[in-house]
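J.: Fold the following.
(2 chains)
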Amino acid sequence: MNNILLIDFGSTYTKITAVDVEKEVVLGTARGITTVESDIMIGLQQALDKLFEENGKIEFAKVLGCSSAAGGLRMVAIGLVPELTVEAAKRAALGAGAKLIGVYGNELSEYEVEEIAALKPEIILLAGGTDGGNKEVILHNGKMLTTLGQDIPIIVAGNKSATPQLVRMLSAVMTEVVHAQNVMPRLNELNIEPAREAIRGLFLRRIVEAKGLNKANEFVDRMVMPTPAAVLKAAELLGKGWKNETGVGDLMVIDIGGATTDVYSIGKGHPVQRNVAVKGLPEPFAKRTVEGDLGMRYSAAALFKAAGTAKIAECGDVSEDNAETYMKTVEETIEYLPQDDMEKRIEIAMAKTCTSLGVERHAGQLETVFTLEGQVFVQKGKDLTAVKIVVGTGGVIVNHQCPTKILVGTLYDESTPQILKPQSPEFWIDEKYIMSSMGLLGEEYPDVAVRMMKKYIVRRES
Amino acid sequence: MEKSKVKVVLGVIGADCHAVGNKILNYALLAAGFEVINLGVLVPQEEFINAAIETGAKAILVASLYGHGEIDCRGLKDRCREVGLGDVLLYVGGNLVVGKTDFTQVRNKFLAMGYDRVYEPGILPDQVVVDLKNDLGIEG
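T.: Next up is the predicted model:
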């Protein structure tokens, strides 16, 4: 019995992948509608029926699941200085696969607490101060959170000296208060792994239940993590490899959705050129950013605003009016698919723009500084110019006839030389749409997951 | 329990790449029992400020060696006051101005900008340590 079923409860579709870990093959994939409002099992059963119809009945030794259903894991991150602990808290949440709905720094005001209450986050991550550093602000913020009037799970991951007091204070009004190591124990030192683990623990204990995902528990052995965390894990395995199974090296992953664009990078991102000083927070080896204003449907209007209608129209070689009309159509009718050649061109232009802006914000930047000793460069963020592989995943890219037309948006642009995007990468496509499943599989069979990704994620020239 | 060390922020301000003095000071301060948050070279004002806020540092030690000190250092005290760091000590030193200017003038200029101590070229790190301990009321 070597068959494993991997389930991704997405916001729209429940996607399943059946894998034989002995033969290291995908036995089949299928999808159903995600039915989290009624009973999550209905959509899953739908998908299973399809899978069995096409491949015959399969018995599974194990079933693992990840989820971004019911709005994903909605989090608020709080820190002190925007460029420091706020940024660190943000990265911890994003790395754990969360959807950030609010980010706050400095002392919280009463208005901000009201705002947080209205946002109704599922987890709050409270950071601030280095170890032995500022204590007042995080204590103030903890106190403010006690007035939320809601029972929200809180993770305290700030100045260690303030942690016990904060946990006591918050536990008096909240049922679930967890603490983790400081996300920034010393200045400019990032330590987000413990907070990420804490988020994941809470997700499994509390959020799965709150979202009605636990109905699948009788069937699913383990709901392992939020979907973006699974993709990040898969990307890291593919890049780094596992023990004797070598990885493919530094890479990026692009996943465009209806509402957001997720960008992942695996690699140190150290300067490629000489004479470069690195500034700012150190970068996580496996980094995820998500852009809430770049998407193909729900965020279509926001995308047009972010990029400018003119730019998208030019890219699609259509008039601005036509582009605008198409945007309104798809925003109103989420299921709408392009009908003619012009609409297809606009669709590609939108996806390419999501990619280029998403990568632009993810990649590091180079600033030129003129000193008495001559020109020097200051790098902030990751230098991705030498990245050799860009992987496209997610429905928009995977189901596209010419996905590389979208992925060229990742390329370095000579008109903006300060943005350190990949210069000459190969484009690989996750054709069977299995990356999140491979992240799940990687929990128990990392070497198999690496080999299967190397087999199933393929290079495309067009 | 180990008594927590007093934190000080150290860095070379502006578009200045002189790293040697910075390393020497870092060493001397560490040896004197301080916890040093060394921001290195090419440090903008806001980076000094952010570091001091987050770490709860008691002093900011600014170095400038390439002659643009006056422009780079101006306004730092005001920014400190603005973000609630009014009580944090501000020291400055290095080659603050180009050429042979009378140092009393230079000192007065920087004192007027709100710096608590202004050091002339050639000063030894020991002096800075002694001053810091005095100003912060640290024994020994």
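J.: do you know how far the residue of chain A most remote from its centre is from A:Met144?
T.: Centroid-distance maximum for chain A: A:Leu372 at 42.4 Å, with C-alpha atoms, centre = their mean. Using C-beta to C-beta, to the nearest Å, we find A:Leu372 at a distance of 48 Å from A:Met144. Heads up, the C-betas are built off the backbone N, CA and C, glycines and all.
J.: got it, and A:Gly364?
T.: From A:Gly364 to A:Met144 the distance is 34 Å (C-beta to C-beta).
J.: thinking again about what came up before, ok now do the residue farthest from the centre of chain A, which residues does it touch?
T.: For A:Leu372, the contact set (C-beta atoms under 8 Å, 6 or more residues apart in numbering or on different chains) comprises B:66-67.
J.: swap the cut-off to 6 Å and go again
T.: Each residue near A:Leu372 by C-beta atoms under 6 Å, 6 or more residues apart in numbering or on different chains is listed here: B:Tyr66.
J.: what separates it from A:Pro226, distance-wise?
T.: 50 Å.
J.: quick revisit: so how far is B:Ala15 from the residue farthest from the centre of chain A?
T.: 8 Å.
J.: Give me the three-state assignment for the residue nearest in space to the middle of chain B.
T.: Relative to the mean C-alpha position of chain B, the nearest C-alpha, by C-alpha atoms, centre = their mean, is the one of B:Leu61, at 1.3 Å. At B:Leu61 the chain is in strand, as set by DSSP: H, G, I helix; E, B strand; the rest coil.
J.: so what's it bridging to?
T.: B:Leu10, B:Tyr91 (DSSP bridges).
J.: residues in contact with it?
T.: Neighbour list for B:Leu61: B:8, B:10, B:91 [criterion: C-beta under 6 Å, 6+ apart].
J.: out of these, who has the most neighbours?
T.: The most crowded member of the contacts of B:Leu61, judged by other C-beta atoms under 10 Å in any protein chain shown, is B:Val8 (27 neighbours).
J.: Which pLDDT value belongs to it?
T.: Note for B:Val8: predicted pLDDT of 97.
J.: What is the strand or helix carrying it packed up against?
T.: Per DSSP states H and E: B:Val8 is located in strand B:7-12. Contacts defined by 3 or more C-beta pairs under 6 Å, 6 or more residues apart in numbering or on different chains; DSSP states H and E place strand B:7-12 against strand B:35-38, helix B:45-55, strand B:59-64.
J.: Show me what secondary structure element comes after it.
T.: Using DSSP H and E, the next helix or strand after strand B:7-12 towards the C-terminus is helix B:20-31.
J.: would you list the helices and strands packed on strand B:7-12 in JSON lines and tack on mean pLDDT?
T.: Below are the helices and strands packed on strand B:7-12 laid out as JSON lines (pLDDT from 0 to 100):
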{"stretch": "strand B:35-38", "mean pLDDT": "96"}
{"stretch": "helix B:45-55", "mean pLDDT": "95"}
{"stretch": "strand B:59-64", "mean pLDDT": "97"}
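J.: Could you identify which of the ones you listed is most buried?
T.: strand B:59-64 (a mean of 25; mean count of other C-beta atoms under 10 Å in any protein chain shown).
J.: Could you check the angle that strand makes with helix B:20-31?
T.: Between strand B:59-64 and helix B:20-31, the angle comes out at 160 degrees (axes from the mean of the first three to the mean of the last three C-alpha atoms, to 10 degrees).
J.: Show me which residues of the stretch 301-450 of chain A are close to chain B?
T.: A:369, A:371-373 (C-beta under 6 Å from any C-beta of the partner chain).
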